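>>> Everything below, folded, please.
(chains A, B and C)
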Amino acid sequence: MAQSAPSQHTLAPTIDSRAVLAWYDRHARDLPWRVAPADRARGARPDPYRVWLSEIMLQQTTIAAVRKYFAAFTTLWPTVRDLAAAPLDDVLVQWAGLGYYARARNLHACARAVVERFDGVFPTSAAQLRDLPGIGDYTSAAIAAICHDEQVAVVDGNVDRVLARFRALEKAVREEKPLIRAAVQAAVPARAGDFAQAMMDLGATICAPRRANCLLCPLEPDCLGARSGHPLAYPVPPAKAEKPRRHGHAFIIRHPEGKVFVRQRGPKGLLAKMTEIPGSPWQEDEAEPAFPFAADWRAVGAVTHTFTHFHLALSVWMARGDHPLDEGWWADETRLDNEALPSLFRKVLAAAGIS
DNA sequence: CAGCCGTGGGC
DNA sequence: TGCCCAAGGCT
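Numbers count the residues shown, from 1 in each chain, chains lettered A, B, ... in the order given. This next block holds a predicted model:
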């Protein structure tokens, strides 16, 4: 045992969870679904319903966008029982504009499952949470850690980035998942919830995608990315796919009494079960409008919108009259907040001066 | 398991 | 302006 351990410079560094927690004790952000570390130290624990709701909303979505939706949901539905008792259509109306609408459908299904299978009390373990709709590896671990200090690795996009830099990983994050998970798991302290939130906050505020504030980072002393002098080189970006452009037409039917005709989209695919303005199919090639009925159709504008995997350009047409289509209903122009209208169709209406 | 699934803000 | 990005999950 005479030989000392190899130099730290050649060893994969380990996460100093005490330094991370010390940083979090000073810099934890105040969020409506969060219990401050000082209060947690006194035994306070967050409401699993609020943590779950916030985690679903925060999937691929910024805190700034989530805030007002979280406030609206918790005001309308203070408990999981209240949410489970609501009609799905009401939930979709409240979710409209937040995107990734499968989350809202799964949210509602999950609330009902918690009521039916667990008598309205969220299960506490990550393994049980993982079986509920809309709750995957990340969200199950996050809820269990934050609410119950289960010592599980909570790995989201922020943590992937922090670890990619900390270990100067040369392969794409997707290929390093097992290593990242193991490295985080090995560092999880008793204060698992604070640690999970700390690592994510670190990624969001210090070790950000286009900026690394290494001077402020509690992991900097051991960080291989910082030592390399170019931490932003990590993680190596995945190959980006081309986004095709699609074209279509939207047909606004404007009733004399200040209403517009809307209908519900199909149960599957893009914007499933949401409310839409009628229109043509969206295709790669531009096509002449096929109006749903003969009328004085006027071009009133154009809308561009980018979805996750394609760009869309819509020509907007309007006709005045009380001519309904087969399926759908008249929506009061002054009550559009009561409709589950995705942002795309709010843009369509705005192009016609309706909002 | 790679593709699908929204949106608004920052640069 | 156009591109990148954000606390993922489902199939």
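>>> number of nearby residues for the residue nearest to A:P256 when sequence neighbours are not counted?
If the residues on either side of it in the chain are set aside, A:P256 comes closest to A:D322, at 6.3 Å by Cβ to Cβ, 6 or more residues apart in numbering. Every residue, glycine included, has its C-beta placed from N, CA and C. For A:D322, the count of nearby residues is 12 (other Cβ atoms under 10 Å).
>>> Let me know the pLDDT of A:D322.
Here, the pLDDT recorded for A:D322 equals 94.
>>> State the distance from it to DNA strand C.
Distance, A:D322 to DNA strand C, using Cβ to the nearest atom of the strand, to the nearest Å: 37 Å.
>>> and that residue, that's in a strand?
No - going by DSSP: H, G, I helix; E, B strand; the rest coil, the assignment for A:D322 is coil, not a strand.
>>> wouldn't it be in contact with A:G258 here?
No - between A:D322 and A:G258 there is no contact under Cβ atoms under 8 Å: 11.6 Å.
>>> What parts of the stretch 51-200 of chain A come near DNA strand C?
Taking Cβ under 7 Å from any atom of the strand as the contact definition, the stretch 51-200 of chain A meets DNA strand C at A:54-55, A:58-63, A:100, A:102, A:106, A:133-140, A:142, A:156-158, A:161, A:197, A:200.
>>> So how do I select the buried members of these in PyMOL?
Only the buried entries of these go into this PyMOL selection, using 16 or more other Cβ atoms under 10 Å:
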select buried, chain A and resi 54+55+58+59+106+134+135+137+138+139+140+142+156+157+158+161+197+200
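>>> Inside helices: which ones of the residues of the stretch 51-200 of chain A next to DNA strand C?
Counting by DSSP state H, the part of these found in helices is A:54-55, A:58, A:63, A:102, A:106, A:137-140, A:142, A:157-158, A:161, A:197, A:200.
>>> Kindly report the domain assignment for chain A.
A:10-233, A:245-351 (automatic domain parsing).
>>> okay, now A:T334: neighbour count?
Neighbours around A:T334, by other Cβ under 10 Å: 9.
>>> That one - nearest residue in space that isn't next to it in sequence?
A:T334's closest residue in space is A:G258 (Cβ to Cβ, 6+ apart), at 6.9 Å.
>>> gap between the one you found and A:D332?
7 Å (Cβ to Cβ, to the nearest Å).
>>> Please apply the same query to A:F293.
22 Å.
>>> try A:I253
14 Å.
>>> Looking at the two, which has the bigger crowd around it?
Neighbour totals were compared for A:I253 and A:D332, and A:I253 leads with 25 against 13 (other Cβ under 10 Å).
>>> Now do the same for the more buried one: helix, strand or coil?
The three-state label given to A:I253 by three-state DSSP is strand.
>>> wait, doesn't it sit right on A:A331?
No - taking contacts as Cβ under 8 Å, A:I253 lies outside contact range of A:A331: 10.6 Å.
>>> Find the residues that touch each one of the two.
Common neighbours of A:I253 and A:A331 (criterion: Cβ atoms under 8 Å, 6 or more residues apart in numbering): A:V260, A:F261.
>>> which residues does whichever residue of chain A sits closest to DNA strand C contact?
Residue nearest to DNA strand C within chain A (Cβ to the nearest atom of the strand): A:G136, separated by 2.6 Å. The neighbours of A:G136, taking Cβ under 8 Å, 6+ apart as the test, are A:R130.
>>> one more time with 10 Å
Taking Cβ atoms under 10 Å, 6 or more residues apart in numbering, we find A:G136 in contact with A:Q59, A:L129, A:R130.
>>> Pretty sure the first one sits against A:G134.
The reference is to A:Q59. Yes - with contact defined as Cβ atoms under 10 Å, A:Q59 and A:G134 form a contacting pair (8.5 Å).
>>> what sits in contact with each of the two?
Counting by Cβ under 10 Å, 6+ apart, the common neighbours of A:Q59 and A:G134 are A:R103.
>>> got the residue ranges for the strands in chain A?
A:207-208, A:211-212, A:245-255, A:259-264, A:275-276, A:298-306, A:311-320, A:329-332 (DSSP state E).
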